[in-house]
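*Asks:* predicted model follows, preceded by the sequence.
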Number of protein chains: 2
Amino acid sequence: MGGDYAPNAPLEGIRRAFDEFGDDFCIHLYGDSAVIDSFQIEGLAEERIVKVNTTQVIEMGESPTKAIMRKTDSSISVGLKHLKDDEIDVFISAGNTGAVLVGSMYSVKAAEGIIRPAIATYVPNLKGNYSIMLDVGANPDVKPDVLHQFAILGSLYAKHVLQIQSPQVGLINIGSEPEKGNLVAQAAYSMLSESSKVNFTGNIEGYDIFTGSADVLVCDGFVGNVLLKTAESLYKIFGQKLGDDPFISKFDYQNYGATPILGINKPVLIGHGVSSPEAFSAMIKQAHDIVESGLVEKVKTTFEP
Amino acid sequence: MGGDYAPNAPLEGIRRAFDEFGDDFCIHLYGDSAVIDSFQIEGLAEERIVKVNTTQVIEMGESPTKAIMRKTDSSISVGLKHLKDDEIDVFISAGNTGAVLVGSMYSVKAAEGIIRPAIATYVPNLKGNYSIMLDVGANPDVKPDVLHQFAILGSLYAKHVLQIQSPQVGLINIGSEPEKGNLVAQAAYSMLSESSKVNFTGNIEGYDIFTGSADVLVCDGFVGNVLLKTAESLYKIFGQKLGDDPFISKFDYQNYGATPILGINKPVLIGHGVSSPEAFSAMIKQAHDIVESGLVEKVKTTFEP
């Protein structure tokens, strides 16, 4: 039920996913039975698509906490409960971002040892790869030890999902020297420098976010969210004038999928509100890769006290 | 002596400025006499260019505070002293940004009532105008009352220099609702809402920084600096592929000049390190406009206790 083009875009996206790489997974579909019951894919065994009727819908503008508490039969609430209960392996939604986040914290919960889970996003870079940036909105106020955990979480994702052998971590900052930045960034710099758990490459200024100077870009959720949305708007402004360009097209979230929540006990992916069928198919691919990689188990092992 | 193309770019920029709009000003040129002594513009009365020999140069990578303390005969130090002593009306440098900032605080000093001066930058918007964003680097950690002062300073600049009659102020944030953002942004939101000194239009997300939703964009110097540099790098990445485009060309700092320091007792402009002759000419025009507008007097009147 989530996203501006639901339910057609997710349904069409599922069709594509089965068509393109769909040998070894089932999809559980959470939504209004009136909408999803008739959905089927010709030639696909019926049990590969499991339909779960949910009677409530969390709207995009609703207050996340209230919505999660009250709408316990929404697709987000039920899906996350099933995830927690091991009925599914990974949960995807393009619905209310805050509700997916709050619901994940409430039912799936932070992994042991994690102070604050984070939302991560892919950042295309001029080397032709993706870096991963976190946090992009879950934690507008952070302490240095939280940034250190983000660095570890991002490194695990970069290594196991993006297949970057020894991911370089950069701290987003306003100058290259260790003493630059706000108080939190200064303290995080020394913590990251001394950490045995990450390959810290130093501060990354705004100029170098898209150059691939680091595989993991660490920042608080305020800076990350403003950056992400600014880059997205500039992509729209410039991109539509540029047409087909290999670097520009990497900016299109439809090509890489969704933003994972890192540091919780199960994998959850938050899709873009305006997700198209291509975007849903990419999200399913990404979800598949995350499950295959065993990322969540690796996070748990790394952080267990 | 400042900027990557000194001394040729500033000298050529001065030539252009006199040529294009130069009826009512003199230029005081601070630098090594071996370099500037031979500079002249044919047909221009000799006293319109005053040459001041300075024997030291603050390099781009030097520590600002140390450099200002030790190199008292650098072009930056001497120029700022002359500004303080009313020998000149406005000071421009494309040299070490930190040194210009520290030197300004040290000699020109913050205006009475100003908690923290700010560096402001022009932000091109889709309406075809410029907004002004501050702070972009002087204050990585701020309190809400400092953001409120930035809003007032930006409004005065927008009104008197950019000629926007009733400038709208936006707070850069990660959501539109008043309760969004980090603790400082939340407190600043309510302070700005209740302020009688600014027209507060609410929170501005990353998506809307370039749409002209606000004439004055308020943020701390950490967020502003990261944003500014990110936008500049995306301008370079996309812009070089786009060629001539009216919106893109507004991104080029060479077309609008320099970043003013606001909230100090005299006008100071910091140019881009890679400033060209066009950029220097634009800075001189902007400096001229700022002096004509009486901005600094208006700031003093507004903030005097």
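*Replies:* Right, received. Where do you want to start?
*Asks:* alpha carbons only for contacts and neighbour counts from here, please
*Replies:* Fine.
*Asks:* would you mind listing the buried residues in stretch A:115-135?
*Replies:* Judged by neighbour count (16 or more other CA atoms under 10 Å in any protein chain shown), stretch A:115-135 contains these buried residues: A:116-125, A:129-135.
*Asks:* of those, which belong to strands?
*Replies:* By the criterion of DSSP state E, membership of those in strands covers A:118-124, A:130-134.
*Asks:* now render these as CSV, adding distance to residue A:150 and pLDDT.
*Replies:* Output for these, formatted as CSV (distance: CA to CA, whole Å; pLDDT from 0 to 100):
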residue, distance to residue A:150, pLDDT
A:118, 7, 98
A:119, 9, 97
A:120, 9, 97
A:121, 12, 95
A:122, 14, 94
A:123, 16, 93
A:124, 19, 90
A:130, 17, 93
A:131, 14, 96
A:132, 11, 97
A:133, 9, 97
A:134, 7, 98
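*Asks:* distance to residue B:297 added to the residues you listed, as JSON lines?
*Replies:* Conversion of those to JSON lines gives the following (distance: CA to CA, whole Å):
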{"residue": "A:118", "distance to residue B:297": "47"}
{"residue": "A:119", "distance to residue B:297": "46"}
{"residue": "A:120", "distance to residue B:297": "47"}
{"residue": "A:121", "distance to residue B:297": "46"}
{"residue": "A:122", "distance to residue B:297": "47"}
{"residue": "A:123", "distance to residue B:297": "45"}
{"residue": "A:124", "distance to residue B:297": "46"}
{"residue": "A:130", "distance to residue B:297": "50"}
{"residue": "A:131", "distance to residue B:297": "48"}
{"residue": "A:132", "distance to residue B:297": "47"}
{"residue": "A:133", "distance to residue B:297": "44"}
{"residue": "A:134", "distance to residue B:297": "44"}
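*Asks:* mind putting these into a markdown table with distance to chain B?
*Replies:* As requested, these are exported to a markdown table (distance: CA to the nearest CA, whole Å):
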| residue | distance to chain B |
| --- | --- |
| A:118 | 15 |
| A:119 | 14 |
| A:120 | 15 |
| A:121 | 15 |
| A:122 | 16 |
| A:123 | 12 |
| A:124 | 12 |
| A:130 | 16 |
| A:131 | 15 |
| A:132 | 16 |
| A:133 | 14 |
| A:134 | 14 |
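*Asks:* okay, residue A:304: pLDDT?
*Replies:* The per-residue pLDDT reported for residue A:304 equals 91.
*Asks:* and it, what is it in contact with?
*Replies:* If you count contacts by CA atoms under 8 Å, 6 or more residues apart in numbering or on different chains, residue A:304 has them with A:112-113.
*Asks:* which pair of the ones in strands among the buried residues of stretch A:115-135 spans the longest distance?
*Replies:* Greatest spatial distance in those: A:118 and A:124, 19.2 Å, computed using CA to CA.
*Asks:* which residues are contacting stretch A:247-258?
*Replies:* Contacts for stretch A:247-258 (CA under 8 Å, 6+ apart): A:121-126, A:128, A:232, A:235, A:239, A:242, A:269-272, A:275-276, A:278-286.
*Asks:* buried subset of the residues you listed?
*Replies:* If you count burial by 16+ other CA under 10 Å, the buried members of the contacts of stretch A:247-258 come out as A:121-125, A:232, A:235, A:239, A:242, A:269-272, A:275-276, A:278-286.
*Asks:* return the subset of the residues you listed lying in helices.
*Replies:* Among the buried ones among the contacts of stretch A:247-258, the members found in helices (DSSP state H) are A:232, A:235, A:239, A:242, A:278-286.
*Asks:* quick check: most distant residue from the centroid of chain A.
*Replies:* Note on chain A: the largest C-alpha distance from the chain mean falls to residue A:43, namely 31.6 Å (CA atoms, centre = their mean).
*Asks:* what parts of the stretch 151-300 of chain A come near chain B?
*Replies:* Residues of the stretch 151-300 of chain A found near chain B (CA under 8 Å from any CA of the partner chain) are A:172-174, A:181-183, A:205-210, A:222-223, A:225-234, A:238-239, A:241-242.
*Asks:* what's the most distant pair in the ones in helices among the buried ones among the contacts of stretch A:247-258?
*Replies:* A:242 and A:284 (28.4 Å).
*Asks:* in stretch A:244-256, what's buried?
*Replies:* Quick answer for stretch A:244-256 (16+ other CA under 10 Å): A:247-254, A:256.
*Asks:* least confident pick among those?
*Replies:* Among those, pLDDT bottoms out at residue A:253, giving 68.
*Asks:* tell me which element residue A:69 is part of?
*Replies:* Applying DSSP states H and E as the criterion places residue A:69 in helix A:64-70.
*Asks:* who touches that helix?
*Replies:* A:58, A:77, A:96, A:98-100, A:102-103.
*Asks:* then that helix to CSV, C-alphas only?
*Replies:* This file holds the C-alpha atoms of helix A:64-70, laid out as CSV (Å, rounded to 0.1, in the frame of the first residue of the first chain):
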residue,chain,number,x,y,z
PRO,A,64,4.8,7.9,12.8
THR,A,65,4.5,7.0,16.5
LYS,A,66,0.8,7.5,16.8
ALA,A,67,0.2,5.7,13.5
ILE,A,68,2.3,2.6,14.6
MET,A,69,0.5,2.5,18.0
ARG,A,70,-3.0,2.9,16.6
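*Asks:* show me where chain A has its helices.
*Replies:* Under DSSP H, chain A gives helices at A:8-21, A:33-36, A:64-70, A:75-84, A:97-103, A:144-160, A:183-194, A:221-242, A:246-250, A:277-293, A:295-303.
*Asks:* residue B:91: which of those helices is closest?
*Replies:* Nearest of these (CA to CA): helix A:183-194, 30.9 Å.
*Asks:* thought residue A:199 was touching residue A:166?
*Replies:* Yes. With contact defined as CA atoms under 8 Å, residue A:199 counts as touching residue A:166 (7.4 Å).
*Asks:* show me which of these two is the more surrounded one.
*Replies:* More crowded of residue A:199 and residue A:166, by other CA atoms under 10 Å in any protein chain shown: residue A:199, with 20 against 13.
*Asks:* contacts only, for the more buried one.
*Replies:* Neighbours of residue A:199 in contact, by CA under 8 Å, 6+ apart: A:166-169.
*Asks:* now do it against chain B, distance only.
*Replies:* Per CA to the nearest CA, to the nearest Å, residue A:199 is found 22 Å from chain B.
*Asks:* avg pLDDT for stretch A:77-92?
*Replies:* 97.
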